[in-house]
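Trainee: need the 3D shape of this:
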Amino acid sequence: MSDKAPWITFRPELRVLDCTIRDGGLMNNSQFSDEEVKAVYQTCIEAGIDYMEIGYKNSHEAFPKAEFGPWRHCDEEDLRRVVGDHTFERTGLRLAAMADAGGKCDWQTKILPADQSVLDMIRVACYAHQISEAVEMIHHCHELGYETTLNIMAISTVHDVEIDQVLEIARETPAGTVVVVDSNGALYREQIDHLVNKYRKALDGTGKDVGIHAHNNLQLGFANTIEAIILGCNRVDATMMGLGRGAGNCPMEILLSFLRNPKFKLRPVLELIQNTIMPMKQRFDWGPNIPYLITGALNAHPRNAMEFCESAESGDLVAFYDKMLNEG
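Mentor: Next up, the predicted model:
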């Protein structure tokens, strides 16, 4: 055995982002109570987590308040009702929200200057064909004083030549991190290796970090996350008990157990899971199952499995598999 221990992942520059409320909100229309959001917020502080993505900056018109909870919009009054006059200096935690390209966010008018908000970061999310708008959004949010990231979604569906073009464009933006996003939970280790190395090479010399956002359809969310870390990825996403869309995400409790940084504390996360996250299972469900496995294996959007699980035919797994094969 090598005495250099290349598997040790302790790096002071590695940052962990919790996206429980944002990604988990895709399972319940972002209808978390203030108490639940506050519990996640306090846990992130106590556990030493670096960022908490508290929700989306989505449009009220596209996502009406009658149907979606406040964490789909992250209006300042709702944020402050839960986190008060939050500052990084006082808590050691930075707050983030996700702004989607493609008409889902009124980013020109609804994002306040950073010095008027408790938010520290805007994570701009886009599909590859939406990169032009995403660049505008990143520049706009950067000029407002926010730290920014570029999250290129559903990367498993994008051809290499398109990825290269998007990364060439991303290189010239002020985004501090460009995130590999496995929206379909379809990537295997070899593909993670290929993508992380591609991102790192394309961004070399810019000072930008590479991030990883993994979904768990193939039950590889954690494995793919630690593979990305070993390859030099310094920005990693996770959620409490894996709470996230469909099969969920890399579980925070497993990630923190793996990382060798003493600043991260596991006990507050376990308390949150016991007292807040586990009771949510009575209201809505998430996590790996056979329909999510099928969509992951076929590199299909998990919305297909979500619709199947809520249908009257949810017990006929073979029929769902055949249907997905035929649609592919």
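
Trainee: quick one: low-confidence parts of this protein?
Mentor: 1-9, 328 (pLDDT under 70).

Trainee: got the domain ranges for it?
Mentor: Domain assignment of the chain by automatic domain parsing yields the ranges 15-280, 290-327.

Trainee: contacting residues around residue 266?
Mentor: Taking Cβ atoms under 8 Å, 6 or more residues apart in numbering, we find residue 266 in contact with 47, 253, 256, 257. C-beta: built from backbone N, CA, C; applies to glycine.

Trainee: show me which of these are buried.
Mentor: Burial by neighbour count, 16 or more other Cβ atoms under 10 Å: within those this picks out 47, 253, 256.

Trainee: residue 206: which of those residues is nearest?
Mentor: Using Cβ to Cβ, residue 256 is the member of the buried ones among the contacts of residue 266 that sits closest to residue 206, with 28.9 Å.

Trainee: show me what contacts the closest one?
Mentor: With contacts taken as Cβ under 8 Å, 6+ apart, residue 256 has the following neighbours: 16, 47, 238, 264, 265, 266, 269.

Trainee: ok, residues contacting stretch 184-196?
Mentor: Defining contact as Cβ under 8 Å, 6+ apart, one finds that stretch 184-196 is touched by 154-157, 163, 180, 210, 212, 214-218, 220-221, 223-224, 227-228, 231-233, 246-247, 292, 295-302.

Trainee: which parts of this structure are strands?
Mentor: When assigned using DSSP state E, the strands of the chain occupy the ranges 15-18, 51-56, 94-100, 121-126, 147-152, 177-182, 209-214, 235-238.

Trainee: one step back: pipe the buried ones among the contacts of residue 266 into a markdown table and attach distance to residue 82 per row.
Mentor: Formatted as a markdown table, the entries for the buried ones among the contacts of residue 266 read as follows, by distance: Cβ to Cβ, whole Å:
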| residue | distance to residue 82 |
| --- | --- |
| 47 | 17 |
| 253 | 23 |
| 256 | 23 |
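
Trainee: now which of the contacts of stretch 184-196 would you call buried?
Mentor: Restricting the contacts of stretch 184-196 to buried positions leaves 155-156, 163, 180, 210, 212, 214-218, 220-221, 223-224, 227-228, 231, 233, 246-247, 292, 295-296, 298-300, 302, with burial counted as 16+ other Cβ under 10 Å.

Trainee: of the residues you listed, which belong to helices?
Mentor: The subset of those located in helices under the criterion DSSP state H comprises 163, 221, 223, 224, 227, 228, 292, 295, 296.
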